[in-house]
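S.K.: I'll drop the sequence and a predicted model, then ask my questions.
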Amino acid sequence: MFGKGLMTGMGITIRHFFGRKATFCYPEEKLTMTEHFRGGHLTIDYKKCIACQLCAIQCPNQAIKLKVVTDANRKRHLESYVHSMGRCLYCDLCIEGCAPHALSWDKNYEISTWHKEDLVHQVITDEDRAYLADVMARAAANPTPPPAPKAPPKPAAKPATPSPETEVKPGE
Ligand code: SF4
Ligand code: SF4
């Protein structure tokens, strides 16, 4: 039939014109990243962190540098936490290995830059530093006494010596 192709094409055009849009007006509109998206800045829930350093140890590219301090109660805290995004492989090993689930991505996909130094990210915020200062001051004000020394171990019992009657002579 003459014009059949034209009608089919117009049908597709009209369907897409009124249908759900596949594009969006970036940068005015931002995409919401999926739950498992790896990217952006590493963020930390400072109060959950136990300063075990496993994230830095597990990082295959040494992209994490952190410093740990101990308070008057011998509890460990993070003093600094630097994530080098230029070295990061976004492999997620640091996040998966963090036992208290203190690490996550902020999912910001607009981190491209002209300057290398912009890729060095201070993960710990001013709020975290204020919290650390408060914790250190409280621990210094109320230090817990050191644990009592352990009692020395008892000497091991000597093995019983066999009596002359029960002693087995060679050849019996
Ligand atoms: S692995 Fe988690 S808990 Fe341990 S230092 Fe890193 S962020 Fe803190
Ligand atoms: S995502 Fe991988 S490479 Fe990046 S900081 Fe974590 S462990 Fe290191």
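M.R.: In hand now; what should we look at? Ligands and ions are numbered 1, 2, ... in the order given.

S.K.: alpha carbons only for contacts and neighbour counts from here, please
M.R.: OK.

S.K.: gap between residue 35 and residue 121?
M.R.: Here the criterion is CA to CA, to the nearest Å. By it, residue 35 lies 22 Å from residue 121.

S.K.: more neighbours, the two?
M.R.: residue 121 (17 against 8; other CA atoms under 10 Å).

S.K.: doesn't that one belong to a strand?
M.R.: Yes: with DSSP: H, G, I helix; E, B strand; the rest coil as the criterion, residue 121 is located in a strand.

S.K.: which one is it nearest to, not counting chain neighbours?
M.R.: Using CA to CA, 6 or more residues apart in numbering and skipping the chain neighbours, the partner closest in space to residue 121 is residue 83 (5.1 Å).

S.K.: and if you look at residue 105?
M.R.: Closest residue to residue 105 apart from its sequence neighbours, by CA to CA, 6+ apart: residue 42 at 4.8 Å.

S.K.: run through the bridge partners of residue 65.
M.R.: For residue 65, the beta-bridge partners under DSSP bridges are residue 82.

S.K.: let me see the contact set for it.
M.R.: Going by CA atoms under 8 Å, 6 or more residues apart in numbering, residue 65 touches 56, 81, 82, 83.

S.K.: residues from the protein in reach of ligand 2?
M.R.: 59, 60, 61, 63, 64, 88, 89, 90, 91, 92, 93, 94 (CA under 6 Å from any ligand atom).

S.K.: do you know the pLDDT at the residue nearest to residue 105?
M.R.: Note on residue 42: pLDDT of 96.

S.K.: do the same with residue 164
M.R.: 59.
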